[in-house]
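*Asks:* Predicted structure and sequence below. I'll ask about it afterward.
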Amino acid sequence: MPTLTKVGDVLWHIVTPVVCMTYGSLAALSRYAKTGVLNVIRSDFVRTARAKGLSEFQITAKHAARPGIIPVVTLLGTTLPVIVGGSFIIEWIFSIPGFGLLSVQSIYARDYNVIIGTTLIVAILTMVGILLSDLLYAVVDPRISFR
């Protein structure tokens with residue numbers, strides 16, 4: 001089989017697992033983003049920007065977007081371990097060799113060393129996700145500083 005055909009075959013078979021893994025997270029993130037931006041749109045400083053005569057695009061992009069995505073930044077910290085946890089199920093269902101399938105098989109085989117290792121990796125990913133979330137707070141909200 002030529003290389004291009006193999007790549008096309010892999011891409012064709014990866015679409016469904018990727019959709020399954022990202023669908024729930026994207027739905028939740030988009031819902032929180034919409035709610036956050038709508039709450040900010042009702043704020044006094046947005047009303048003042050409208051009174052100054054700024055366009056709706058400028059108001060949304062410059063004044064409402066950054067404070068509106070703070071709830072999304074909060075959720076991004078926990079999304080990384082949730083995706084890894086979802087990969088356990090997705091890799092098991094679609095028989096994809098990976099971290100999740102290894103974890104599930106090691107649980108069935110009672111391979112405690114692998115179970116401890118995968119638990120440690122998930123814990124580290126959780127801490128890294130929360131750290132990234134905290135660092136993104138400083139980027140999104142200028143009022144937050146780490147001193």
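*Replies:* Perfect, thanks for sending it.

*Asks:* and the top helix by length along the chain, average pLDDT?
*Replies:* Counting by DSSP state H, the longest helix found in the chain is helix 3-41. Averaging pLDDT along helix 3-41 yields 86.

*Asks:* Show me what that helix is packed against.
*Replies:* Helix 3-41 is packed against helix 65-68, helix 70-94, with contacts defined by 3 or more CB pairs under 8 Å, 6 or more residues apart in numbering; DSSP states H and E. Heads up, the C-betas are built off the backbone N, CA and C, glycines and all.

*Asks:* Centre of the chain to the first one, how far?
*Replies:* Right, helix 65-68. How far helix 65-68 lies from its chain's middle: 17 Å, per CA atoms, centre = their mean, to the nearest Å.

*Asks:* which helices and strands does it pack with?
*Replies:* helix 3-41.

*Asks:* Okay, buried residues for the helix it packs on please.
*Replies:* By neighbour count on 16 or more other CB atoms under 10 Å, the buried set for helix 3-41 is P17, M21, S25, L29, Y32, A33, G36, V37, V40, I41.

*Asks:* export the helices and strands packed on helix 3-41 to a markdown table and tack on distance to W12, mean neighbour count and mean pLDDT?
*Replies:* Below are these laid out as a markdown table (distance: least, CB to CB, whole Å; neighbours: other CB atoms under 10 Å; pLDDT from 0 to 100):
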| stretch | distance to W12 | mean neighbour count | mean pLDDT |
| --- | --- | --- | --- |
| helix 65-68 | 36 | 18 | 84 |
| helix 70-94 | 13 | 17 | 84 |
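
*Asks:* Which one, of the ones you listed, ends up nearest to D111?
*Replies:* Proximity to D111, assessed across the helices and strands packed on helix 3-41 by CB to CB, is greatest for helix 70-94 (14.9 Å).

*Asks:* And the contacts of the closest one?
*Replies:* With contact meaning CB atoms under 8 Å, 6 or more residues apart in numbering, helix 70-94 is reached by 16-17, 20-21, 24-25, 28-29, 32-33, 35-36, 96-101, 103-104, 121-122, 125-126, 128-134, 136-137, 140-141.
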